[in-house]
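Participant: quick one: sequence plus predicted model below, questions after.
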Amino acid sequence: MVKKTIKTLARQAQDELLEESQNSALLQEDFATKAYQMDVVRIETTLAELNILLGMPAVIRSGFVQDDANKLITIPTVFAKVDGLPANEKPYWQHLDSIRDTNGLQALVTRHMNTSDWRISSEDFNAIMSNFTAQALQQSDAWAYQLLNKLLQNQIAEAIVALLSDWPFSVSQTIENQQFVLSVLLDLPKELLEMSLEVDYPKEVPLLAVVHQESLGELTLEDIVAFNMFHQLGWDVVVYSPHAFASLENYMTTDSYDKFSYDKVRTTSSATGDPKKSFLQKWFGN
């Protein structure tokens, strides 16, 4: 009698990868889908699966679709927040340290995403919203990405239109708030946006890992808008909060991201009276 077996998620993913390696999605030329229109879907996952998913190519994630006939690619991505610390902290910090040191498509964020006071004028905003399309947006006087690759400009414009239309934010969708959000989306760090050009879907998914440490202070609406932009561009976005500070929950609807919690929460220096550097500062030197 043959014993029944059950595959772990990691083994299942490995087997699926081997199977998929026989088809065109992984055997096709590099950057074969670069000019495809991108549709992003969020994966609802668990804390146990999170790190496994972050290492998976797009092609073996649930929900991946490559439609060559219509030149459309659907990218399943993660948008999550992880509060607290595991009982064994060492692998947690090593994971973040590995992101910081990598030369690959991963970015470790320990500072605010947008520190500019620039705001789009009411005249430019009204002109854009009167014909709110990706093409019209790129023709606006307020378009700030003219020097970027044209394909990337198209992706950015389409992502902006999607975000303003879907509105994953918990703040009211007033004219004033739309103008504020659009201002942030038109003033993001170009060097980080340009990392999207290096992504070869369906083989990779870039990662934006945000470390919400005590020295950073409160994550602002500008930060949250920026995180959403990168997610809409096909990035995995994970906010790590050892102190379990509120961030995404202040500005996003609960169905727009996954929230996970470890049992242990790191105390703040103000609570302990300890003037020394936080644990993360010791690791990253910030």
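Facilitator: It's in.

Participant: Gln178 versus Asp166, what's the distance?
Facilitator: Taking CB to CB, to the nearest Å as the measure, Asp166 and Gln178 are separated by 12 Å. Every residue, glycine included, has its C-beta placed from N, CA and C.

Participant: to clarify, my last question referred to Trp235.
Facilitator: Per CB to CB, Trp235 is found 23 Å from Gln178.

Participant: the more surrounded of these two?
Facilitator: Trp235 (26 against 18; other CB atoms under 10 Å).

Participant: these two touch, right, His212 and Thr220?
Facilitator: No: His212 lies out of contact with Thr220 (CB atoms under 8 Å); the separation is 11.6 Å.

Participant: of those two, who's got more company?
Facilitator: His212 (25 against 17).

Participant: dump the residue contacts of that one.
Facilitator: 219, 239-243, 245, 247 (CB atoms under 8 Å, 6 or more residues apart in numbering).

Participant: same question, Ala134
Facilitator: Per CB under 8 Å, 6+ apart, neighbours of Ala134: 154, 157-158, 160-161.

Participant: again, only using 7 Å
Facilitator: Taking CB atoms under 7 Å, 6 or more residues apart in numbering as the criterion, Ala134 is in contact with 154, 157-158, 161.

Participant: excluding its backbone neighbours, what's nearest His212?
Facilitator: Ser241 (4.2 Å; CB to CB, 6 or more residues apart in numbering).

Participant: and the one you found, how many neighbours does it have?
Facilitator: Around Ser241 there are 24 residues (other CB under 10 Å).

Participant: ok, it touching Ser247?
Facilitator: Yes: the criterion here is CB atoms under 7 Å, and Ser241 meets it with Ser247 at 6.5 Å.

Participant: shared neighbours, these two?
Facilitator: With CB under 7 Å, 6+ apart, Ser241 and Ser247 have common neighbours 81, 212.

Participant: tell me where the stretch 151-286 of the chain has helices.
Facilitator: Secondary structure of the stretch 151-286 of the chain (DSSP state H, counting those that start in this stretch): helices located at 175-185, 190-193, 221-232, 248-251, 269-272, 279-284.

Participant: for Gln66, find the nearest of those.
Facilitator: Gln66 sits nearest to helix 221-232 of all these, at 18.9 Å, using CB to CB.

Participant: what's next to the closest one, contact-wise?
Facilitator: Taking CB under 7 Å, 6+ apart as the rule, helix 221-232 contacts 40, 77, 79, 112-114, 159, 162-163, 168, 181, 184-185, 188, 208, 210, 237, 248, 251-252.

Participant: likewise stretch 112-126?
Facilitator: So stretch 112-126 is contacted by 140-142, 179, 182-184, 186-188, 220, 222-223, 226 (CB under 7 Å, 6+ apart).

Participant: and for stretch 155-164?
Facilitator: The contact list for stretch 155-164 (CB under 7 Å, 6+ apart) reads 38, 132-134, 137-138, 145, 178, 181-182, 185, 193, 196, 228-229, 232-233.
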